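Colleague: Have a look at this fold, sequence not included:
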């Protein structure tokens, strides 16, 4: 194994970025990671940017597949992963491959990538050590060959982008798959041995009725899934969906109906034994997505692939999104980054509240207050009065030294978080 | 100019907007060889870009040309046909050998006027300097509302009027019908109308002859001392104020020390000339002549239009009859606009732009104002709605600022009990117009007391009362002080196609109009006259009238008096709290309807909150309309995919910023746009 970039000296105390080289101000991820601990992250996220069609609601980075760029991508990714390995703890605890459409990579490229991942991080045996290795899939792209390749490579879990089981609503979203392929794809995965399965669904699609949404939930549950992600459709700036909305192609769904759908989801999935453990995520007890919990709990993870973002001890960075930029080699072989934020107590506290409050388990109230107090007492006081105020409004419950959003608070999570951010950082 | 003063004709061209006044002026300049056809641009007299673009004339200009006419003839030879154009020195070559064969030399001073009613004051001050007027009517449009109003103005000034029917080259021209309309509405004989096409030049010879034949020469001097009427003034970056003056008596020479008889200010004349339309210097101006005068005058504030110029060392004893100074009737606020990216026009930039423009247009007023919702800005007064639009556009274009403009309101006269100063709820001491009594502290000067007492008599103010001016509903004093609220009433002339008469009648009645008369204009159109509050006119009346008549109706209005009515202040309560910036003054009978419209708009603009927000319109605590903004029940940020926490946090920051830009009323956040939408007129 060729020796990677010399490992950085461990200096988590360092609070500033090293002076940048390069006239255009760009730097590789290895440069910003240099200030962090070795083997700080037991989690890894890999972004695969290919899609065969750009869904109209999607604002994640992806490019419509050009098969001739898959190999160069995997080639570059192998180098990047190798270069990042000093920061990754072994055995790896969680690995998530998202996109784009990771299942669009050909089975042979997958085998190559999985081999390399195993060499670097021992991923083939993750399952045996209780690790979690998730790959996002599009129902149209799952073949027996792919399923077998993923299973053999140590993948333990798949997340299937179903979005809706109603062809009409899929059309509104510009999703071009046959809903009938969702159960087929899941069955293929199950046959290959990947039994932990999650389904993504979207509610609040223009024209959708409550009955149709409940039907979607029923169908998803009937497929034996242990985990569901249910997102309200959002119109992100710069997406085709948003442009169509502004053009008046359709009416957004009624606000009250959407709120009812949000509540009905909790109730209906609860009947099936799926508990809401995060704003939009539901699971049987023990089947929660551990990788996502790392995000919400301010854990550390290393990021690879274009537009991927990572976090280590308060440092956040994001790779540049364009595939062309990503394919450029760098001296230390890590990817060029678009943005980096060094640890900052105020920002980190806002982030901890912002992500932690999304979870049913909430945040450690005492820890949050003492973080705030460490910055200054006024922030602590404001945060405390925020909690009181939200409690009075029935949005927050304080028990066992934790702050948890109530069902009302969950529905208005953005308000709760916004007010927390104002309390912590009014500037 | 020659020693022997030529025959002089001073006249204006007046018309309804778009009837071809400026084109006719250009054609006259060209025909008299003041400009060669090569240099002829459209609308030579309009100097501002904006004027050219909108096709309307804002600033009056005076131009002098020379013309030969044989007395008694009905048509003239054109200088353009027998003379060289004005040469480089600006000299007009009139003395070419055989030129005299074409008749006697006439000096024509013509003064271009704006066509729109808002600029009536500019029209009337131009007319003060004239003996005659050319009234232009479009042969395809016929007599329109502004045709009448402008004609009234000229008649009031005792001017001789030549009716001209323009655009006769157009296939849709109906010159005979239009001549009948002119006879019907204005009483000029149909056969006295001169048919022209300013575009092709047809009829120009006849018009020039008529100007020399029909218009009177200037009156003879009546005193020996200099008396010159200032009829316009413009600001020039290099020369300061340039005054346009008409000499009635005596002579004015370069180097003379002059005194303004009204302001008593004195200046030294450094330069004089005429526009031909190029500026041509002259050493002196004699009786009947017009020209420009430069005298190191720094600011337009130092000059009063209508004032009389006399000589410092040989002053006249009595000033010429001046003209009514402009009255600001329509008011609105200008605030620096906040752009979306948060980049904004500074208040200081706005101040600079406003002050600079005021050098150029002294007819709009401005004073700093602070709104809780919109920050620092200016409350500006205008002559009318078009004037307001033009000022806004000029500020944005010439001043390079972005403006948020509030809805226009009118100026109210409020009769208050007592003779003390009246303070508005915002702490402003209101402008006193009249007072019948002496302030108890006796601090006021005797002459001021006297002037206010005289005004009180003129305005019919009962003893022990004070009349104040209010043009911002938020400044209306508390109800107990108010004895009466008076509003400006207009005489409105409406030229309406016959089949829309019913609709327009109803519209006027709905707008508290008082029917005065209906008269025949032509087989297809009638003239309606109403008296109507200005407040109703500025509330989208013009757009409604245009819509009902498919654009064929025209209107003009003039404020004729102030009149009390059942006017009340309507408060808007958001979540139970009155929001000053949203209150309006409205007629009691119209309050409910206006209130409902307003609340509906507000409902669309205020985002949902976590709680239900009642919106109410109230008069003196009594609720007259109500709406509710439903509580929002769901607000969840979408998934935080791939752990891109930074991006979500930045979104949060943006929301925080957005919230900060809102105005908090109690626990309700109202976006700036809501204030604008509410102030916007229209149903």
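Modeller: Cool, the structure landed. On a predicted model such as this, the values are computed, not experimentally measured, just so you know. Residues are numbered from 1 along each chain as shown, chains lettered A, B, ... in the order given.

Colleague: can you tell me the average pLDDT over stretch A:293-304?
Modeller: Here stretch A:293-304 scores 96 as its mean pLDDT.

Colleague: buried set for that stretch?
Modeller: A:293, A:294, A:295, A:296, A:298, A:299, A:300, A:301, A:302, A:303, A:304 (16 or more other Cβ atoms under 10 Å in any protein chain shown). Bear in mind the C-beta positions are built from the backbone N, C-alpha and C, glycine included.

Colleague: Roughly how far does the first one sit from residue A:286?
Modeller: Applying Cβ to Cβ, to the nearest Å, the value for residue A:293 to residue A:286 is 12 Å.

Colleague: how about the strands in the stretch 501-650 of chain B?
Modeller: B:514-520, B:525-533, B:554-564, B:567-574, B:577-578, B:584-587, B:613-619, B:622-629 (DSSP state E, counting those that start in this stretch).

Colleague: quick one: which of those strands is nearest residue B:154?
Modeller: For the strands of the stretch 501-650 of chain B, proximity to residue B:154 was assessed by Cβ to Cβ; strand B:554-564 is nearest, at 14.3 Å.

Colleague: how far does that closest one sit from the chain's center?
Modeller: In this view, strand B:554-564 has its centroid 14 Å away from the chain centroid, taken as Cα atoms, centre = their mean, to the nearest Å.

Colleague: Can you point out the buried residues in it?
Modeller: In strand B:554-564, counting by 16+ other Cβ under 10 Å, buried: B:554, B:555, B:556, B:557, B:558, B:559, B:562.

Colleague: give me the residue from the stretch 301-427 of chain A nearest chain B.
Modeller: Residue nearest to chain B within the stretch 301-427 of chain A: residue A:414 (4.2 Å; Cβ to the nearest Cβ).

Colleague: Surely that residue touches residue B:637?
Modeller: Yes: under the criterion of Cβ atoms under 8 Å, residue A:414 makes contact with residue B:637 at 5.0 Å.

Colleague: Sketch out the low-pLDDT regions of chain A for me.
Modeller: Low-confidence segments of chain A, defined by pLDDT under 70: A:1-25, A:54-55, A:57, A:59-67.

Colleague: Just want the most central residue of it.
Modeller: Centroid check for chain A by Cα atoms, centre = their mean gives residue A:292 as the closest residue, at 5.9 Å.

Colleague: That one in helix, strand or coil?
Modeller: What DSSP: H, G, I helix; E, B strand; the rest coil gives for residue A:292 is helix.

Colleague: What's the separation between it and chain B?
Modeller: According to Cβ to the nearest Cβ, to the nearest Å, residue A:292 stands 8 Å off from chain B.

Colleague: check contacts around that residue.
Modeller: A:96, A:278, A:281 (Cβ atoms under 8 Å, 6 or more residues apart in numbering or on different chains).

Colleague: Quickly run through the sheet partners of the helix or strand encompassing the first one, with directions.
Modeller: Element membership for residue A:96 (DSSP states H and E) is strand A:94-99. For strand A:94-99, the pairing partners within the sheet under DSSP bridges are strand A:43-48 (parallel), strand A:132-137 (parallel).

Colleague: now what about it, what contacts it?
Modeller: With Cβ under 8 Å, 6+ apart, strand A:94-99 has contacts from A:42-51, A:60, A:62, A:117, A:121, A:123, A:126, A:131-136, A:159, A:290-292, A:294, A:301, B:641-642.

Colleague: Could I get the full set of helices for the stretch 51-200 of chain B?
Modeller: Along the stretch 51-200 of chain B, the stretches classed as helices by DSSP state H, counting those that start in this stretch are B:79-82, B:120-127, B:145-156, B:175-186.

Colleague: end-to-end on stretch A:399-409?
Modeller: 15 Å (Cα to Cα, to the nearest Å).

Colleague: That stretch: which residues count as buried?
Modeller: Buried residues in stretch A:399-409 (16+ other Cβ under 10 Å): A:402, A:403, A:404, A:405, A:406, A:408, A:409.

Colleague: give me the number of residues near the closest residue to chain B within the stretch 251-400 of chain A?
Modeller: Closest to chain B within the stretch 251-400 of chain A is residue A:259: 3.6 Å, counting by Cβ to the nearest Cβ. Neighbourhood size, residue A:259 [other Cβ atoms under 10 Å in any protein chain shown]: 20.

Colleague: With the one 10 residues further on instead?
Modeller: Summarising burial for residue A:269: neighbours were counted as other Cβ under 10 Å, giving 19.

Colleague: if you skip the residues just before and after it, what's nearest to it?
Modeller: residue A:282 (4.7 Å; Cβ to Cβ, 6 or more residues apart in numbering or on different chains).

Colleague: measure that neighbour to residue A:160 for me?
Modeller: 15 Å.

Colleague: Name the residue in those two with the higher neighbour count.
Modeller: The neighbour comparison of residue A:282 against residue A:160 (other Cβ under 10 Å) goes to residue A:282, with 29 against 24.

Colleague: What lies in contact with the helix or strand where that one lies?
Modeller: Taking DSSP H and E as the definition, residue A:282 sits inside strand A:281-283. Residues from elsewhere that reach strand A:281-283 (Cβ under 8 Å, 6+ apart): A:226-230, A:265-266, A:269, A:274-277, A:288-289, A:292.

Colleague: For whichever helix or strand residue B:489 is part of, which strands pair with it and how are they oriented?
Modeller: Secondary structure from DSSP H and E places residue B:489 in strand B:482-497. Take DSSP bridges as the rule and strand B:482-497 pairs in its sheet with strand B:412-417 (antiparallel), strand B:525-533 (antiparallel), strand B:554-564 (antiparallel).

Colleague: can I get those strands in TSV with mean pLDDT?
Modeller: Shown next, in TSV, are the strands paired with strand B:482-497 (pLDDT from 0 to 100):
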stretch	mean pLDDT
strand B:412-417	94
strand B:525-533	94
strand B:554-564	88
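
Colleague: How far off centre is the strand holding residue A:96?
Modeller: For strand A:94-99, the separation from the chain centroid amounts to 8 Å (computed by Cα atoms, centre = their mean).

Colleague: so residue B:389 is in which element?
Modeller: helix B:385-398.

Colleague: Show me what counts as buried in that helix.
Modeller: Those buried within helix B:385-398 under the rule 16+ other Cβ under 10 Å are B:385, B:386, B:387, B:388, B:390, B:391, B:392, B:394, B:395, B:396.

Colleague: Surely residue B:316 and residue B:308 touch.
Modeller: Yes: Residue B:316 lies in contact with residue B:308 (Cβ under 8 Å); the separation is 7.2 Å.

Colleague: which residues do the two both contact?
Modeller: Residues within reach of residue B:316 and of residue B:308 at once, by Cβ under 8 Å, 6+ apart, are B:227, B:261.

Colleague: So these two - more neighbours on which side?
Modeller: residue B:308 (24 against 21).

Colleague: interface residues of chain B facing chain A?
Modeller: By the rule Cβ under 8 Å from any Cβ of the partner chain, the part of chain B lying against chain A is B:608, B:610, B:630, B:632-649, B:652-653, B:655-656, B:659.

Colleague: next SSE after the strand holding residue A:96?
Modeller: Next element after strand A:94-99 (DSSP H and E): helix A:107-121.

Colleague: distance between that next one and the chain's centre?
Modeller: On Cα atoms, centre = their mean, the centre of helix A:107-121 falls 22 Å from that of its chain.

Colleague: need the contact list for residue B:157.
Modeller: B:124, B:127, B:128, B:130.
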